[in-house]
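**Q** Test case, fold it:
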Amino acid sequence: MQMSNDFYGRVDSKRRRLMVKRFLAGGALAMVSFWALAASDAYTQHDVLQCGGVDVELVSSCRSVAVAMGEDQLLPVCSDQTININGKVLRRDVGQVSQLTTDGKSTQMLANVVVAMACIKGTKGSLVFIGGYGGCGACPEWFGYYSTAGELVSYSYSNTVRSFGSKGSRRELIKAYGVTAKALLEQGSDAKRITYGQP
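**A** Modelled structure (predicted):
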């Protein structure tokens, strides 16, 4: 008995649909496995400081790989950092840089990471100090002062040659908060140094 072309067409159609389903399922599984593998070295780090009765939290999204030797900016490999003060989530405008990392990949990461936090107490209020490092001798450094209300009141982002942005002055901080010039320069002995790789 001879089967019709319509029957064989239906069989072929079912086979094609089954093959497509298997292909898509396999592809989805491969993608999930790839992303799980790619994210396996990612971690989120929380560094907390108390200042003027409020919690200041630095939240860093980083990877446990390192920048390869010979690259321009030897920094912790972090893609994002927020400074959370009094319910406000703040970010520094430091941009990103592409660096080769020890896993052999070119990675987009912050061009400047926070290396210190401190609370500077004055007679009229307290200031949160945030210090950032660019990973090389000629790279710009970032020095910022926030009020305990979460306002960036003064900052300087510069190297010895060029300014990448600034606001306010030390003189204005001394007058407004009753802090000393020495405290602004030294950030106090209780400054919290940020060590990366502490999930």
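
**Q** Any stretches of this protein with poor pLDDT?
**A** Low-confidence segments of the chain (pLDDT under 70): 1-39, 188-189, 198-199.

**Q** Okay, and the beta partners of the spatially most central residue of it?
**A** The centroid of the chain falls nearest to residue 80 when counting by C-alpha atoms, centre = their mean (2.1 Å). Applying DSSP bridges to residue 80 gives these bridge partners: residue 61.

**Q** Please enumerate the strands of the chain.
**A** 42-51, 54-66, 76-85, 88-90, 96-100, 106-110, 113-121, 126-133, 141-147, 152-158, 163-167, 192-193 (DSSP state E).

**Q** follow-up on the earlier one: report whether the expected contact of the residue nearest to the centre of the chain with residue 63 is present.
**A** No. If you go by C-beta atoms under 8 Å, residue 80 and residue 63 don't touch, sitting 11.4 Å apart. Backbone N, C-alpha and C define where each C-beta goes, glycine included.

**Q** check contacts around the closest residue to residue 170 other than its chain neighbours.
**A** Nearest residue to residue 170 in three dimensions, chain neighbours excluded: residue 184, at 5.3 Å (C-beta to C-beta, 6 or more residues apart in numbering). For residue 184, the contact set (C-beta atoms under 8 Å, 6 or more residues apart in numbering) comprises 120, 129, 145, 170, 173-174.

**Q** Throw together a PyMOL command that grabs the buried residues out of the residues you listed.
**A** Applied in PyMOL, the following selects the buried portion of these according to 16 or more other C-beta atoms under 10 Å:
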select buried, resi 120+129+145+173+174
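
**Q** Turn the contacts of residue 184 into TSV, including distance to residue 164.
**A** Below are the contacts of residue 184 laid out as TSV (distance: C-beta to C-beta, whole Å):
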residue	distance to residue 164
120	23
129	19
145	17
170	18
173	20
174	24
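
**Q** just the contacts of residue 184 now: which is nearest residue 70?
**A** Taking C-beta to C-beta as the measure, residue 129 is the one of those closest to residue 70, at 32.7 Å.

**Q** ok, the nearest residue to the closest one once chain neighbours are set aside to residue 106 distance?
**A** Using C-beta to C-beta, 6+ apart and skipping the chain neighbours, the partner closest in space to residue 129 is residue 118 (4.3 Å). Residue 118 sits 34 Å away from residue 106, going by C-beta to C-beta, to the nearest Å.
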